[in-house]
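*Asks:* structural data only, the sequence is not supplied:
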C-alpha cells in the first residue's frame, strides 16, 4: 500500500498539478497537500527534479512570490486576491 506522499509523487510524475487538483484526486484537504508537497520536494532523488510553476497574479502578472510551496492569499504588488495556484510536477 502506498503512502500519501508516494501517491502525490506518482500523480506529479504523470503531469503538472496544482494542490487543489491533488486534493480532489486524492480526497485530501488542500492545506494537507501543501504540507506533503514540502516533504515530496525534498525526497525526489537526483535522477528526477521537483519543478514548481510559481503562483501568478491574474490582475498584474506578478509571479515573484517568496514561497512557491504555499498558496498566497493576495498579491504584494497590486493587492489583488485573484491568484493562480502554483503547479507542481516531477520530471
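*Replies:* On my side now, so go ahead. Remember, it's a predicted structure, so these values are computed and weren't measured experimentally.
*Asks:* can you list the residue ranges for helices in the chain?
*Replies:* Here the chain has its helices, by DSSP state H, at 4-14, 19-26, 30-43.
*Asks:* for residue 60, which of those helices is the nearest?
*Replies:* Taking Cβ to Cβ, helix 19-26 is the member of those nearest to residue 60, at 22.0 Å. No exception for glycine: its C-beta is placed from N, CA and C like everyone else's.
*Asks:* what packs against the closest one?
*Replies:* Helices and strands touching helix 19-26, by 3 or more Cβ pairs under 8 Å, 6 or more residues apart in numbering; DSSP states H and E, are helix 4-14, helix 30-43.
*Asks:* same thing but at 6 Å, please
*Replies:* When contacts are defined as 3 or more Cβ pairs under 6 Å, 6 or more residues apart in numbering; DSSP states H and E, helix 19-26 sits against helix 30-43.
*Asks:* tell me the angle the helix it packs on makes with helix 19-26.
*Replies:* Per axes from the mean of the first three to the mean of the last three Cα atoms, to 10 degrees, the angle that helix 30-43 makes with helix 19-26 is 100 degrees.
*Asks:* which parts of helix 30-43 are buried?
*Replies:* Neighbour counts using 16 or more other Cβ atoms under 10 Å place 33, 34, 36, 37, 40, 41 of helix 30-43 among the buried residues.
*Asks:* redo the helices of the chain as JSON lines? Include distance to residue 60.
*Replies:* Converted to JSON lines, the helices of the chain look like this (distance: least, Cβ to Cβ, whole Å):
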{"stretch": "helix 4-14", "distance to residue 60": "28"}
{"stretch": "helix 19-26", "distance to residue 60": "22"}
{"stretch": "helix 30-43", "distance to residue 60": "24"}
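*Asks:* below-threshold pLDDT in this protein: ranges please.
*Replies:* Applying pLDDT under 70 to the chain flags no residue at all.
*Asks:* return the distance of the nearest residue to residue 7 once chain neighbours are set aside relative to residue 61.
*Replies:* In space, residue 7 comes closest to residue 26 once its chain neighbours are excluded; the distance is 5.8 Å by Cβ to Cβ, 6 or more residues apart in numbering. Residue 26 is 31 Å from residue 61, where distance means Cβ to Cβ, to the nearest Å.
*Asks:* that's all I had, so thanks and see you.
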